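Chemist: Fold the following and give me the result.
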Amino acid sequence: MKKAAKTGFFLSLASLVSLLSLFGFSAVHAAASAVTSLPVDLATVRVPLEEGLTATLSETHGINLEATPRRGEGAGALAIRLCGDAGLASRIAEANGGSPVLQAGTRYAIPFDVLSPEWQLKVVRALFPADHGAADGWVHKVRGLGPLRRESLWSLAVWLTGDGENFRAIREYNELHDEDVARDFSVTIPSELLRPAFRAALPVPEQPFLLQYGSDKDGEYAVYRLRPHEALYSSVVVRFTGRVFAKDVNELAAQIAKRSGIPDVTDIPIGYRVKIPFEYLQPEYLPKGHPKRKEYEEGLRQSARFSNQVKAKGLAGITIVLDAGHGGLDSGATLGGVWESLYVYDVAMRIKRLLETQTAARVLLTTRDGDAYKVQEADVLPFSRGHAVLTTPPYPIADPKVGVNLRWYLANSLYRKALQSDKDPDKVVFLSIHADSLHPSMRGLMAYIPAADMRGESYGKNGSVYASRKEVQESPTVTFPRQQRVQSEGLSRELAKQVVAAFQSASLPVHPFSPVRDKIIRDNGVWVPAVLRYNSIPAKILLEICNLANDQDRALLQTRAYRQQVAQSVVRGLLAYYGQGAAAPSQLVAETAK
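Modeler: Numbering: from 1, shown residues only. As a prediction, the model looks like this:
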């Protein structure tokens with residue numbers, strides 16, 4: 001669609017002066033005649049805003065603001081008042097005949113495009129009183145001028161997005177076939193396209209998405225309409241189904257595309273109605289009142305009754321059990337020559353150093369590489385297979401499953417010892433540091449917590465490798481009554497949210513959809529990580545600090561600066577969990593020592 005040509009008769013002030021002079025009128029006479037009014041289109045809407053300011057809408061000139069200068073107000077001052085920038089005085093002069101000198105009593109047309117965001121919003125609201133912000137964008141009710149009473153999508157795109165070429169996205173999003181719309185028709189301009197003035201005026205949505213529901217011969221489904229710059233993989237599958245691993249995301253995207261009649265997942269029109277079968281939806285996205293959603297929400301309410309009541313300045317009296325994932329012969333995720341085990345261990349060492357030097361917390365590690373704890377002052381880390389679980393005797397990590405199980409046995413033993421000196425279980429927390437390998441479109445931190453309903457009541461492991469460890473001998477079986485599991489979910493969720501908030505405040509990448517999760521979904525299976533599932537410590541989280549399958553995340557992890565930022569954010573999350581979110585860690589520990 002090409003921008004409609006402007007038609008109609010409209011003379012600038014300078015042109016009017018020149019024309020009248022041909023008929024014997026002086027320039028002064030012409031200017032004096034022009035003071036009283038500007039040319040008006042046959043179809044023009046005029047809405048007074050305040051003294052000396054009128055919003056105008058016409059077929060030929062679109063939206064403008066007519067302004068009469070205040071006494072003694074020059075062009076620069078007028079531009080500052082209405083445009084926010086004295087440099088725009090030349091644009092105002094250009095729109096009014098080219099003269100930079102303002103004359104008292106004259107109305108000047110201020111182009112909508114140069115108005116400040118505040119005045120753009122005021123003008124549109126005056127001219128289109130039915131317009132309003134909604135969860136997914138700005139809803140514009142067509143007013144229409146002229147005999148056909150219609151507005152072009154190009155004009156709407158110019159007014160509300162600043163770029164007429166956005167008419168295509170608006171047309172697709174509203175599932176329109178014509179390039180103009182009739183009076184009283186409501187058009188939604190997606191929030192991503194809006195000028196800042198209108199984006200800022202949108203309400204804060206209760207949920208950053210809009211789902212509708214329906215059913216057909218194949219069953220019930222949710223409908224999501226793709227927005228500009230969204231993809232089926234990340235904006236639908238990852239967001240609404242909880243799938244994050246590449247194989248799962250790709251397979252489910254293909255199934256959803258087939259169900260929705262999408263022939264090419266890389267070329268889906270904006271606004272296309274994507275059908276998501278109920279069986280794949282996470283419970284929070286099911287319709288209100290659906291049994292699975294009600295069960296999920298009741299679980300949240302039950303766990304939310306438990307929150308940490310301990311306040312510990314500088315983490316005094318707090319024990320942190322710190323676990324670095326994998327290690328030894330278990331390298332974890334490996335991509336581009338990067339071993340997960342090496343880099344998460346370095347992050348754990350940095351967290352340990354910060355906690356021990358800048359807080360009063362006691363830090364206990366579940367693993368160690370070699371004979372000493374060491375922070376590697378290098379970006380790319382050297383290879384090592386020397387990690388061992390610090391049980392009695394230590395277990396050089398050879399079998400990944402044994403390594404994981406001995407970690408939670410060790411964590412439970414450390415927890416029991418901590419309770420011997422301080423009977424308050426809320427003064428102990430558990431952190432396990434990992435780096436995931438997910439769909440490459442995803443970035444940033446995710447925090448896993450233990451879902452209460454996915455943990456049985458008792459567990460134990462058999463075999464000589466377990467029976468030979470003191471920590472297993474102390475308590476071969478662990479038991480979790482339901483009340484204890486519900487409490488643990490609530491405390492763990494609170495801790496995870498504080499760490500996520502610390503990452504966000506440091507502008508570190510965070511997964512955009514549900515960064516706190518209570519289970520892993522993979523290969524059609526659902527489970528809680530063993531290091532959390534069998535762990536007796538009430539507040540416990542597993543942090544996936546980045547996605548190694550994402551090039552940006554992987555490059556960041558290979559810098560000591562990023563790993564240090566991650567460590568600092570984790571510590572700040574711990575401080576916030578214990579009511580110490582305002583001051584720097586070093587300041588808090590100094591105050592504690594007084």
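
Chemist: can you tell me the helix or strand for the residue nearest the centre of the chain?
Modeler: Computing the C-alpha centroid of the chain and ranking residues by CA atoms, centre = their mean puts residue 512 first, at 4.3 Å. Under the criterion DSSP states H and E, no helix or strand holds residue 512.

Chemist: Neighbours of residue 179, how many?
Modeler: Residues lying near residue 179 (other CB atoms under 10 Å) number 13. The C-beta positions use only the backbone N, C-alpha and C, and glycine is treated the same way.

Chemist: residue contacts, residue 442?
Modeler: Contacts here follow CB atoms under 8 Å, 6 or more residues apart in numbering; on that basis residue 442 touches 234, 238, 244, 511, 547, 549-550.

Chemist: a markdown table please, covering these and showing neighbour count and secondary structure.
Modeler: Listed next are the contacts of residue 442 as a markdown table, based on neighbours: other CB atoms under 10 Å; DSSP: H, G, I helix; E, B strand; the rest coil:
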| residue | neighbour count | secondary structure |
| --- | --- | --- |
| 234 | 18 | helix |
| 238 | 25 | helix |
| 244 | 24 | coil |
| 511 | 23 | coil |
| 547 | 29 | strand |
| 549 | 20 | coil |
| 550 | 22 | coil |
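
Chemist: Go through the residues you listed and name the one nearest residue 149.
Modeler: Closest approach between the contacts of residue 442 and residue 149, by CB to CB: residue 234, at 41.1 Å.

Chemist: Surely the closest one touches residue 438?
Modeler: No. Using CB atoms under 8 Å, residue 234 is not in contact with residue 438; the gap is 10.7 Å.

Chemist: end-to-end on stretch 443-455?
Modeler: Terminal residues of stretch 443-455 lie 28 Å apart, using CA to CA, to the nearest Å.

Chemist: how much space is there between residue 393 and residue 470?
Modeler: Going from residue 393 to residue 470 by CB to CB, to the nearest Å gives 8 Å.

Chemist: Minimum pLDDT in the contacts of residue 442, which residue is that?
Modeler: Least confident entry in the contacts of residue 442, by pLDDT: residue 234, with 89.

Chemist: Run through the neighbouring helices and strands of the helix or strand containing residue 415.
Modeler: Under the criterion of DSSP H and E, residue 415 resides in helix 400-421. Secondary-structure packing of helix 400-421 (3 or more CB pairs under 8 Å, 6 or more residues apart in numbering; DSSP states H and E): strand 319-324, strand 387-389, strand 395-396, strand 428-436, helix 464-467, helix 470-474, helix 530-533.

Chemist: Can you check which of those gets nearest to residue 571?
Modeler: Using CB to CB, those put strand 319-324 closest to residue 571, at 9.3 Å.

Chemist: Could I get the full set of strands for the stretch 451-594 of the chain?
Modeler: Under the criterion DSSP state E, counting those that start in this stretch, the stretch 451-594 of the chain contains strands at 458-460, 477-479, 516-517, 520-522, 525-527, 539-547.

Chemist: Identify the residues contacting the fourth one?
Modeler: Defining contact as CB under 8 Å, 6+ apart, one finds that strand 520-522 is touched by 241-245, 248, 448, 526-529.

Chemist: what's the pLDDT at the residue nearest to the centre of the chain?
Modeler: 89.

Chemist: Now do the contacts for it.
Modeler: residue 444.

Chemist: Equivalent analysis for the one 3 residues further on, please.
Modeler: For residue 515, the contacting residues are 444-447, 500, by CB under 8 Å, 6+ apart.

Chemist: Show me how to select, in PyMOL, the buried members of the contacts of strand 520-522.
Modeler: For the buried members of these, the matching PyMOL selection, counting by 16 or more other CB atoms under 10 Å, is:
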select buried, resi 241+242+243+244+245+248+448+528+529
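
Chemist: Can I get the contacts of strand 520-522 in a markdown table including distance to residue 274?
Modeler: Formatted as a markdown table, the contacts of strand 520-522 follow (distance: CB to CB, whole Å):
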| residue | distance to residue 274 |
| --- | --- |
| 241 | 12 |
| 242 | 16 |
| 243 | 15 |
| 244 | 18 |
| 245 | 20 |
| 248 | 17 |
| 448 | 27 |
| 526 | 23 |
| 527 | 28 |
| 528 | 30 |
| 529 | 31 |
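
Chemist: picking that back up, can you tell me which of the contacts of residue 442 lies nearest to residue 88?
Modeler: Nearest member of those to residue 88, counting by CB to CB, is residue 234, at 39.2 Å.
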